[in-house]
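1. What shape does this take:
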Amino acid sequence: MRSIIKFLSIGIILGVISCGGSGSEGSTDTTSTSQQKTEQKAEKTQDEQTVDQSNIPASQRVDLENKGIGPVKNVELDEKIDRKLAVKGKEIYDVKCIACHNVDTKLIGPPQKGIMKKRTPEWVMNMIMNPTEMLEKDPLAKDLLEEYNGTPMLDQNITREEARALVEYFRTL
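-> Down below sits the predicted model:
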């Protein structure tokens, strides 16, 4: 028993001595190394966040930068929802979208509830108006296609005005 205690004591003493620095040079090196480790950790954290984002299913991913591919380049949304436009959007949704999309559950396509918190209005409108090209060229649209078992969104020949009404309706969900 005493030999174990002596052995552990010697190990602890050697560990303390080997970890401690001597002189001012060691102190400077430790600070420099500590700063480098902190910077590397911050860089790694940013990289991990990017990796984590790519591991999230496309339907859950948040991308408020991508405007998509198509005719819509800029959409200005008022803070206040245009109720008349939203009603028109719901009417269009009930005729052209409901076969493949539910409001809050997955069907053939992703649910629409919360879409405006995850996508730009331009991306949404371009996806509605230009689904074929979006599915060919837009990385997020490609990921959605893969997530939804390769079932492409069909081109419903929706006009810009109708797509804008749909966006307004989606804002109410």
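2. Tell me where this structure has helices.
-> For the chain, helices defined by DSSP state H occupy the ranges 2-19, 23-55, 83-96, 115-118, 121-129, 131-137, 139-147, 160-172.
3. List the buried residues for the third one?
-> It refers to helix 83-96. 85-86, 88-90, 92-93, 96 (16 or more other Cβ atoms under 10 Å). Every residue, glycine included, has its C-beta placed from N, CA and C.
4. Name the nearest of the residues you listed relative to V167.
-> Comparing those against V167 with Cβ to Cβ picks out G89 as the nearest, at 7.1 Å.
5. what about the residue nearest to the closest one when sequence neighbours are not counted, how many neighbours?
-> Residue nearest to G89 in three dimensions, not counting chain neighbours: Y169, with 2.9 Å by Cβ to Cβ, 6 or more residues apart in numbering. By other Cβ atoms under 10 Å, the residues close to Y169 number 24.
6. Confidence-wise, which helix or strand of the chain is lowest on average?
-> Ranked by mean pLDDT, DSSP states H and E, the weakest helix or strand in the chain is helix 23-55, scoring a mean of 50.
7. Which residue is the nearest non-sequential neighbour of V124?
-> For V124, ignoring the flanking residues on the chain, the nearest one in space by Cβ to Cβ, 6+ apart is V167 at 5.5 Å.
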